[in-house]
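Asks: structural data only, the sequence is not supplied:
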């Protein structure tokens, strides 16, 4: 039986039971979960093992890659700049990033980057893994790239390119990389840990990611019980289902197919690089603390004012997504509550990460929620583990 460590406030014991059940019946290997309510931490739990080979336990010191949950941290940075009046969401991207302004992208406003409407789901040429870790190479390629659809005419999940697109605007406006801005303006002020560009001296703290292993027969031609080893396998599966011209393959493996293999996500060079859509490294208490501070004061720190909270909790785009097909409503950089992106209730905003991680805020409840794990499950919008935890929290509330 997996040992669970940590604390829960009185009344939240049923949530601890659900966290334990995630290991017993829902496939968790190593995970952490935390909850802030009205600025105070009421749940902080960890359990399982960080490394299956060594048996090293998951501890409060463990850090975790969280894939697209990173997009939420990047969105916080962009919206802070907008809140301060330093970034105009309606201004053309080219006003801040002149090289971007050609090839049909001259009038693309900043808000279309935050809401996945630019059509730049990939670059126009193949890139190696090493090239994809070089910021200027990728942003230059995106500036030259041709959108896959007329910008503004549709929205489609910019699975990886979102980070460079929004991140380069943040860099041009603030003079700082996303990782530096996040550290100086968010995590240092909150005594939290969320790294976009992990310092090398923290690498030994990171729990490796374990890919989703489908049940026997689930994917037929991929082989009974075969490991779904990366975006390339998922792209092949979706090509069979959706046809060869589907957009999710290039979106998931961008830039230029560089991230097609799952093992790159455990590579120390990737962890050290700033990939603001996918390479964030954090833990559950920090994730919950940061989101709590967007909607209420946490130890004297409040990140978003009421106007920004209203902006980020209101969907800007809805309906079928040109890349992932089903409908996830997005505000300015965040997923909002829906059947396909279930948080606690309407008004919540946050972001899921591939495989299961999630962070979100509830302005009504003054709540910050954070869940991280090392065992991936299939999906980019939660799974039975997150659903069970969210349901348990709101049943208590």
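Replies: Nice, I can see it. Note that the structure is predicted; figures quoted are calculated from it, not measured.

Asks: I'd say residue 394 and residue 344 touch.
Replies: Yes. Residue 394 is within contact range of residue 344, at 5.0 Å (criterion: C-beta atoms under 8 Å). The way it works is simple: take the backbone N, C-alpha and C, and place the C-beta from them, glycine included.

Asks: out of the two, which sits in the more crowded spot?
Replies: Taking other C-beta atoms under 10 Å, residue 394 and residue 344 do not tie; residue 344 has more neighbours (20 against 14).

Asks: which ones are touching the more buried one?
Replies: Contacts for residue 344 were tallied using C-beta atoms under 8 Å, 6 or more residues apart in numbering; they are 337, 360, 362, 365, 367, 369, 390, 393, 394.

Asks: pLDDT below threshold where in the stretch 51-200 of the chain?
Replies: Filtered on pLDDT under 70, the stretch 51-200 of the chain yields no residues whatsoever.

Asks: quick one, helices of it?
Replies: Assigned by DSSP state H, counting those that start in this stretch, the stretch 51-200 of the chain shows helices spanning 69-83, 93-96, 110-114, 129-132, 135-144, 161-174, 178-182, 188-190.

Asks: next one: the stretch 251-397 of the chain
Replies: Counting by DSSP H, counting those that start in this stretch, the helices of the stretch 251-397 of the chain are 268-272, 284-295, 306-312, 384-396.

Asks: list the buried residues of the shortest one.
Replies: The neighbour-count check on helix 268-272 (16 or more other C-beta atoms under 10 Å) flags 270, 271, 272 as buried.

Asks: now swap in the third one and tell me
Replies: Residues 308, 309, 311, 312 are the ones in helix 306-312 that count as buried (16+ other C-beta under 10 Å).

Asks: report the buried residues of the lengthiest strand in the chain.
Replies: Scanning the chain for the strand with the most residues, using DSSP state E, yields strand 40-51. Within strand 40-51, the residues scored as buried using 16+ other C-beta under 10 Å are 41, 42, 43, 44, 45, 46, 47, 48, 49, 50, 51.

Asks: ok, back up a step: which of the helices of the stretch 51-200 of the chain sits closest to residue 381?
Replies: Residue 381 sits nearest to helix 69-83 of all the helices of the stretch 51-200 of the chain, at 11.4 Å, using C-beta to C-beta.

Asks: run through who's touching stretch 314-322.
Replies: 111, 114-117, 149, 154-157, 247, 326-332, 336.

Asks: now the strands: where do they sit in the stretch 101-250 of the chain?
Replies: In the stretch 101-250 of the chain, the strands defined using DSSP state E, counting those that start in this stretch lie at 194-195, 206-207.

Asks: of those, which is nearest residue 20?
Replies: strand 206-207 (18.8 Å).

Asks: start and end of stretch 148-168, how far apart?
Replies: 20 Å (C-alpha to C-alpha, to the nearest Å).

Asks: same check, this time on stretch 261-268
Replies: In stretch 261-268, first residue to last residue: 15 Å (C-alpha to C-alpha).

Asks: quick test: name the residue nearest the centre of this structure.
Replies: Residue closest to the mean C-alpha point of the chain, counted by C-alpha atoms, centre = their mean, is residue 69 at 1.8 Å.

Asks: just to revisit the earlier point, need the max-distance pair from the buried residues of helix 306-312.
Replies: Maximum distance among these (C-beta to C-beta): 7.2 Å, for 309 and 311.

Asks: need the max-distance pair from the buried residues of strand 40-51.
Replies: Farthest pair in the buried residues of strand 40-51, by C-beta to C-beta: 42 and 51, 29.1 Å.
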